[in-house]
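K.L.:
Return atomic coordinates for the entry below.
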Amino acid sequence: MKSLWNDSEAQNFKTPLELRVYTSRLLGKETSLVLHGGGNTSVKDKMANLFGEDEEVLLVKGSGWDLATIEGKGFAPVKMDMLLKMAELENLSDSDMVKYQRVAMTNPYAPNPSIEAILHAIIPFKFVDHTHADLVVAITNTDNGEEKIREIYGDSVLILPYVMPGFILAREVYKEIKNRDLSKVDAIILMNHGVFTYDDDAKKSYEKMINIVTKAENYIKNKNIEIKQSNESIDVDLLKLANIRKEVSNLKGSAMVAKLDTKSIEFAKLDNVDSITTRGPLTPDHVIRTKKDACIIKNPEDVKSYANSYRGYFNKNDNGSLTCLDLAPRWGVWKDIGTLSFGSNYKEASIINDIKNHTIEAIEIAEALGGYKALPENEIFKMEYWELEQAKLKKGGSKPKLQGKIAIVTGGASGIGKACVEELNARGACVVALDINPKVTTLFNKSNILGIACDITNRDALNNAVEKTVKEFGGIDILVNNAGIFPPSMSIEDMDSNVWQKSLDINLTSHQNLLTFTAPYLKLGINSAVIFIASKNVPAPGIGASAYSVAKAGVTQLARVASMELAPLVRVNVLHPDAVFDTSVWSEDVIKSRAEHYGLSVDEYKRRNLLKVEVGSNEVANLTCEMAGDLFAKITGAQLPIDGGNERVI
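P.N.:
This is a model prediction of the structure:
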């Protein structure tokens, strides 16, 4: 592993904390060292208190911060004397440890200190770095792992057996090192856990970590171990994928995103994949996100087998006072296809996918070194059901109303469609925005919004977009059929056949095609809902608008029939907006001319309804989201105007 230290860059950082931030970020750039909040670093310094007296303070990474992006305010300042006294206690619960670490902070507004703050404090050097280096841990997680570590590092490291993180670990390390000269070794390697390096110089502590990992790299290279990944294009049964996601979501009790990775197909084809992915996580820290084992999947019903196995694991290890977590897996091996990662939202699924990728690579390395061997089941259970994690369950907390849902919105680049995309996403949904405008592909700068340039009158393009949605997120729960055009005003007598046909193609047939392609997935969705954005012109058509009104009436009738055909698995409802002026249909010039036609000001014209209100795209989007959510859970086949009250509609 190459050192990323740059002398010219480092000159810009003068204080110990600035240097601590710099080297922490260097460590954070290496995902094989730390992942998504993993690892922690610290620096010891003197700080003046309220009375002008210097106090020894440990500045340690705070909870919720990631080493790759950490700032100075991400380090919690904790009084050293308090931490050192805590290390001498014989017993202390982790809950009390967290409480008293908080009490010892010099800044009550800083984040909670790392649970390993005491451990950082007792290591008698200014800078301390801790990572979960994949390659080192992979070597420890083998038969005779400690012998291999000694073979690589000799007497240059202190090797300690695995102890659960928290006060017990700090106490055990304290007993090991209090009468030992740590300057004689470059690092502490905790079996099945990670590496600590330290020095009074920031660069030396950082580069000791790099050197430790480099030696592990060289050891593995000398064994000629090759990790295979595939870029081959494979056919995936997308209905089976959606069904797997549904089974996982049912076990979780809420919608889950399923992230498919076919690059790991070679791993999924291994003869012993069932065995090696059910031995436990790479490090105990991962169990909080990934659970103990992968779910081995051939068919969707295999998810239920995982649930039964997990329940047995809990019952076997429960002391009678614990609350069982949900029975849903967090990652799985889809035999001969690849791997799946499940999360309550796209970010969580992506984090689990990253952890999974590092895990399966480490497993393959460990297998090549003699056999992957994780911690005993009871140790993994203790970490998964740690008192600090159980406390989080009791606190609960609200979540976005549409979290984990997957939606498709047509006409998503502007107006009502764009507002729907943004509001659905704000409420927790992953959204695919379809639009003929190519800017839709770059309009939304979020990983959980996918913009697809698509001519909705092209059946193949629509079908491809639906398949891409399922491949990306695992299924479909919400369909917002919104895209449309408003043809030029034209009497029936003078109707241009091209104008008529274009209106039917875009405003009606495209929505029927999309419903045809999505229906099988919606039936496998989580409380699925379809919302058609129709028009006031359905109950109250206007002269010269036959091409538009007939198409929208057709969409409404399509929705009514669909509500009967897709029940009870899918709800189908219709919105009839009117005079939504912040859309591309209404230019300022058109609004002004229409207002003049009625002898009204622009503001009066915009509020030309019974409630004297203006209806905006955001209000239509809000109502669309409500229709997709629990408020309309028992409503289907309904038509609802959103127009401020139109006399003709009423």
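K.L.:
does residue 468 really touch residue 432, like I thought?
P.N.:
Yes. Contact criterion CB atoms under 8 Å: residue 468 and residue 432 qualify, at 7.4 Å. Any C-beta I mention is one placed from the backbone N, CA and C, and that applies to glycine too.
K.L.:
So which of those two has more stuff around it?
P.N.:
Counted by other CB atoms under 10 Å, residue 468 and residue 432 do not tie: residue 432 has more neighbours, with 26 against 15.
K.L.:
separation between that one and residue 460?
P.N.:
Per CB to CB, to the nearest Å, residue 432 is found 17 Å from residue 460.
K.L.:
now do residue 205
P.N.:
Taken as CB to CB, the span from residue 205 to residue 460 is 58 Å.
K.L.:
and the spatially closest residue to residue 436 that is not a sequence neighbour, how far is that from residue 176?
P.N.:
Of all residues not flanking residue 436 in the chain, residue 455 sits nearest, at 5.3 Å (CB to CB, 6 or more residues apart in numbering). Between residue 455 and residue 176 the computed distance is 68 Å (CB to CB).
K.L.:
need the contact list for residue 422.
P.N.:
Residues in contact with residue 422 (CB atoms under 8 Å, 6 or more residues apart in numbering) are 444, 621.
K.L.:
Check it and give its pLDDT.
P.N.:
With respect to pLDDT, residue 422 scores 97.
K.L.:
same check, this time on residue 396
P.N.:
The model's pLDDT for residue 396 equals 62.
K.L.:
for residue 594, same thing?
P.N.:
As predicted, residue 594 sits at a pLDDT of 79.
K.L.:
Look at it and say how many residues are nearby.
P.N.:
Residues within reach of residue 594, counting by other CB under 10 Å, total 17.
K.L.:
separation between the closest residue to it other than its chain neighbours and residue 451?
P.N.:
Nearest non-adjacent residue to residue 594, counting by CB to CB, 6+ apart: residue 605, 6.2 Å away. Separation of residue 605 from residue 451 (CB to CB): 33 Å.
K.L.:
neighbour-wise, which of these two wins?
P.N.:
The neighbour comparison of residue 605 against residue 451 (other CB under 10 Å) goes to residue 451, with 23 against 19.
K.L.:
Show me the beta-bridge partners of that one.
P.N.:
Counting by DSSP bridges, residue 451 forms beta bridges with residue 433.
K.L.:
pLDDT wise, what is it at?
P.N.:
Note for residue 451: predicted pLDDT of 97.
K.L.:
do the same with residue 386
P.N.:
Residue 386 is given a pLDDT of 89.
K.L.:
neighbours around the closest residue to it other than its chain neighbours, how many?
P.N.:
Among residues not flanking residue 386 along the chain, residue 94 sits closest, at 7.0 Å (CB to CB, 6+ apart). As a burial measure, residue 94 scores 17 neighbours (other CB under 10 Å).
K.L.:
From what I see, residue 365 and residue 224 are in contact.
P.N.:
No. If you go by CB under 8 Å, residue 365 and residue 224 don't touch, sitting 11.6 Å apart.
K.L.:
distance of residue 197 from residue 405?
P.N.:
Noted for residue 197: a distance of 44 Å to residue 405, by CB to CB.
K.L.:
Return the residues in contact with residue 214.
P.N.:
Residue 214 neighbours (CB under 8 Å, 6+ apart): residue 1.
K.L.:
again, but for residue 2
P.N.:
By CB under 8 Å, 6+ apart, the contact list for residue 2 reads residue 210.
K.L.:
what do you get for the one 10 residues further on?
P.N.:
When contacts are counted by CB under 8 Å, 6+ apart, residue 12 touches residue 18.
K.L.:
now do the one 10 residues further on
P.N.:
The contact partners of residue 22, by CB under 8 Å, 6+ apart, come to 9, 10, 13, 202.
K.L.:
Scan these and report the most crowded one.
P.N.:
Neighbour counts for the contacts of residue 22 (other CB under 10 Å) peak at residue 202, which has 25 neighbours.
K.L.:
Please tell me how far it sits from residue 19.
P.N.:
Separation of residue 202 from residue 19 (CB to CB) stands at 4 Å.
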